[in-house]
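# Here you go, sequence then predicted model.
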Amino acid sequence: MDKRLPDTADDARPEPARDVLLDIRNLHVSVPGKGSSKTIIDGLSLQLRSGEIVALVGESGSGKSMTALSLMRLLPSAASITGGQVLFRGRDVLGMSPAELNHLRGGHIAMIFQQPQGMLDPTSRVGVQVAEALWKHRRPDRSSVKERVIKLLADVGIPAPASRIDCYAHELSGGMAQRVMIAAAMSGEPQLLIADEPTTALDVTVQVQILKLLDEQRRKRNLAILLITHDLSIVSAIADRVAVMYAGRIVEEGPAREILKQPRHPYTRALVQCSLLKADANGRLYSIPAAPTALATGQGCRFLPRCPTAAANGISAHCLEQEPQLSIYDASCMARCWAVACNDHPAMAASGTHA
Amino acid sequence: MWTIALKRFTLLCATCVFISLLAFIVPYMNGGDPARTILRSRMGDVALDTEAVEALRISLGLEQPLYVQYLSWLKAALSGDFGYSFVSRAPVGQEVLRSLGVSFTLAMAALGLALLVALPMGTLVALKPGGRLDNIVTFLTQSLVAIPEYWFAPISVLIFSLYLGLLPSAGWQGPSYIVLPALVLSLRPMAYFTRVTRAAMIDVLQAPYITAALSRGLSMRQTVVHHGLRNGSMPVVTLFALWLAGLLGGSVVVEVIFSIPGMGRLIYEGVVNNDVPVLQASFMCIVVLSIVINTIADVLYILLNPVVRMGHVH
């Protein structure tokens, strides 16, 4: 990792270490339109190790959920993967046959979603849905299934699990439904859980419980979790590492604690500032200027139109002409900003002395 | 659940009373004098003696006010006695019951066939909306809807009975007699069922729980069977009931062409002969049966849908 050249991290990623579970390399996803196709994920690279929680953070439309779905090869038919590699324990997910995919889904990689109640079939009993991955991937004895489902439900903190297996989705609260989804995900004994905004639709008090539960499952099963969220407070609560996405690309990545304490990329900095909910001198809350210029594929930095640093210091020629690479600034942190890559960048003066 | 059932039952009774009124009165609107019709049916087309007509009218109670006649008719009808046919002089109740059985068999055969084709076809097509198969099936269903039975029935007789000699062309004497009329009757419901299944399944397949099921490693086929069909077949259940009720009295064309002694033909002949008791009884039976069938469909719908079953309807 240390030998990496500072400004070409995208191209020269070293071979992953042994314990790397999921290795996403230069993933491209696009939606073909009339004439031109629109790229929604543009060269995304990310690694996950066993037992690690990595948060993928970004605003709506930045491509987080699409990343998650493409890892499972569950993209909506309108979108397609146009390049890159996804390696799960060294095996290429993108080249898998339908049968291999069915084996991978649920058995190795499981997923939970934002709207837990909508994710449960309204006409099918909870116990049946929890048992599905068990049947599919673990070939259980017919006689032991019920018992194992009850144990799974108990394991995710559902009270009176034996009486809940005959419930339907509409009889559960949002928090309970999410617990059921987690139980259903765990029944196939996966090594990786993709959690797509698992707490967004829930009450704040329930959010904490669900996060605790995820953390507990991680410890118990040495589970890796790719946690997709827009909520930085969740990241600071349980994530080991964080990757910040903007307009289909990762703009900053590193250990969660360090990134949140001292973000370098102006976008991350703005996100952190937003999440503090602190009013400025004029009594106004901070917000990132303007709407995202949805994936303008110009030459310059994609964040430039909204970049507060550039606005404050004057736009430099670098920012206009060329998109910055992900470059390393600390032992393990990377950011995609000219201010990080070049020490002589005018923005460096404003971003502080830690460079 | 029970309050829903009670409400439904009350509504059902009210509807039946209202319908019985209509069933009693409407055949009289034909304009003919029933006493004359009866006499003519018994004596042939001779000049009728006015006194005899008057005597019969009094003996039948036809000179009484209409509401008295209605009440006595209703009282008898409740015990299954709908009087005697003006034409055949047989008890109407039995005749209607027999015809109803025939029509019901025919309708179930036709709708069963329609469902057997439509459910898999609609589901298959919904997997790839806009695909080649979808276009072909859409074209076919549109054509089937447009083909009238009075055209298709003779054509099918021509092919299967006359040229191929496989099936009988008319009558009602055994299972082989059901095939052709059922086939002819099934085409239009088949087209509608396919369309409704397709639309419902396209909707269902986009539901998040389908993605969730796939994410657990279920194959597309397993997902459709375990999570798609039950959700996607609900509108078809309702449609099935509507068609069944409709076909019980509404397959006149097919019954006349294939000379099947069903409800359609009974009513048709009743109208031609101004046979008031037959019309009253048929009308009453069909409407009550339709209501019963629709109620059964509602119950089925509730059984299929746990959200409604447990009274969580807003």
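On my side now, so go ahead.
# So the residue lying farthest from the centre of chain A, which state does it fall into?
Relative to the centre of chain A, and counting by C-alpha atoms, centre = their mean, the farthest-placed residue is residue A:143 at 37.7 Å. Secondary structure for residue A:143, judged by DSSP: H, G, I helix; E, B strand; the rest coil, is helix.
# Would you quantify the distance from residue B:307 to chain A?
Distance, residue B:307 to chain A, using C-beta to the nearest C-beta, to the nearest Å: 5 Å. To be clear about C-beta, it is placed using only N, CA and C from the backbone, and glycine gets the same treatment.
# Check which helices and strands the strand or helix carrying residue B:139 is in contact with.
In this structure, residue B:139 is located in helix B:132-146 according to DSSP states H and E. On a contact count with 3 or more C-beta pairs under 8 Å, 6 or more residues apart in numbering or on different chains; DSSP states H and E, helix B:132-146 meets helix B:92-127, helix B:175-205.
# right, so of those helices, which gets closest to residue A:35?
The closest approach between residue A:35 and any of these, judged by C-beta to C-beta, belongs to helix B:175-205 at 26.8 Å.
# Now do the same for that closest one: mean pLDDT, whole number.
On average, the pLDDT along helix B:175-205 is 93.
# Now the element after the helix holding residue B:139, going C-ward?
Next in sequence after helix B:132-146, counting helices and strands by DSSP H and E, comes helix B:149-156.
# Where does residue A:39 fall, secondary structure wise?
Following DSSP H and E, one finds residue A:39 within strand A:37-49.
# Check which helices and strands that strand is in contact with.
Of the remaining helices and strands, those touching strand A:37-49 by 3+ C-beta pairs under 8 Å, 6+ apart are strand A:20-32, strand A:53-57, helix A:64-71, strand A:80-88, strand A:224-229, strand A:249-255.
# I'd like the mean pLDDT over stretch B:143-150, please.
87.
# Give the closest residue to the residue in chain B that chain A sits nearest to in space, chain neighbours not counted.
With C-beta to the nearest C-beta as the measure, residue B:217 is the residue of chain B nearest to chain A, at 3.2 Å. If you skip the residues right next to it in sequence, residue B:217 has residue A:106 as its closest partner in space, 3.2 Å away by C-beta to C-beta, 6 or more residues apart in numbering or on different chains.
# Isn't that neighbour up against residue A:133?
Yes - under the criterion of C-beta atoms under 8 Å, residue A:106 is in contact with residue A:133, at a separation of 4.1 Å.
# Give me the common contacts of these two.
A:185, A:188, B:216, B:217 (C-beta atoms under 8 Å, 6 or more residues apart in numbering or on different chains).
# circling back to that earlier point, could I get the average pLDDT for the strand holding residue A:39?
The predicted model gives strand A:37-49 an average pLDDT of 88.
# Skipping adjacent residues, who's closest to residue B:107 in space?
Take residue B:107 and drop its neighbours on the chain: the residue closest to it by C-beta to C-beta, 6+ apart is residue B:247, 3.8 Å away.
# What does the closest residue to chain B within the stretch 1-150 of chain A show for phi and psi?
Relative to chain B, the nearest point of the stretch 1-150 of chain A is residue A:106 (3.2 Å; C-beta to the nearest C-beta). Comment: the main-chain dihedrals of residue A:106 come out as phi 80, psi -40, following degrees, to the nearest 10.
# quick one, what contacts it?
By C-beta under 8 Å, 6+ apart, the contact list for residue A:106 reads A:132, A:133, A:136, A:137, A:185, A:188, A:190, B:215, B:216, B:217, B:218.
# If we use 7 Å, what do you get?
A:133, A:136, A:137, A:188, A:190, B:215, B:216, B:217 (C-beta atoms under 7 Å, 6 or more residues apart in numbering or on different chains).
# Just name the closest of those residues to residue A:88, please.
residue A:190 (10.5 Å).
# who's in contact with the closest one?
With contacts defined as C-beta under 7 Å, 6+ apart, residue A:190 is in contact with A:106, A:107, A:108, A:109, A:110.
# okay if I get these as TSV plus pLDDT?
Written out in TSV, the entries for these read as follows (pLDDT from 0 to 100):
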residue	pLDDT
A:106	92
A:107	92
A:108	94
A:109	94
A:110	94
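# List the ones among those that fall in strands.
Within the contacts of residue A:190, membership in strands is found for A:109, A:110, as judged by DSSP state E.
# Let's have the contacts of residue A:190 in a markdown table, adding distance to residue A:268.
Written out in a markdown table, the entries for these read as follows (distance: C-beta to C-beta, whole Å):
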| residue | distance to residue A:268 |
| --- | --- |
| A:106 | 34 |
| A:107 | 35 |
| A:108 | 31 |
| A:109 | 27 |
| A:110 | 29 |
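# Selecting buried members of the contacts of residue A:106 in ChimeraX, what would you type?
Per 16 or more other C-beta atoms under 10 Å in any protein chain shown, the buried members of the contacts of residue A:106 correspond to this ChimeraX selection:
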select /A:133,136,137,188,190 /B:215,216,217
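# Now, the contacts of residue A:106 that are in helices?
Assignment to helices by DSSP state H places the following of these there: A:133, A:136, A:137, B:215.
# nearest to residue A:25, of those residues?
residue B:215 (22.4 Å).
# Please name the residues that touch that closest one.
A:72, A:74, A:105, A:106, A:110, A:111.
# Nothing else from me, thank you.
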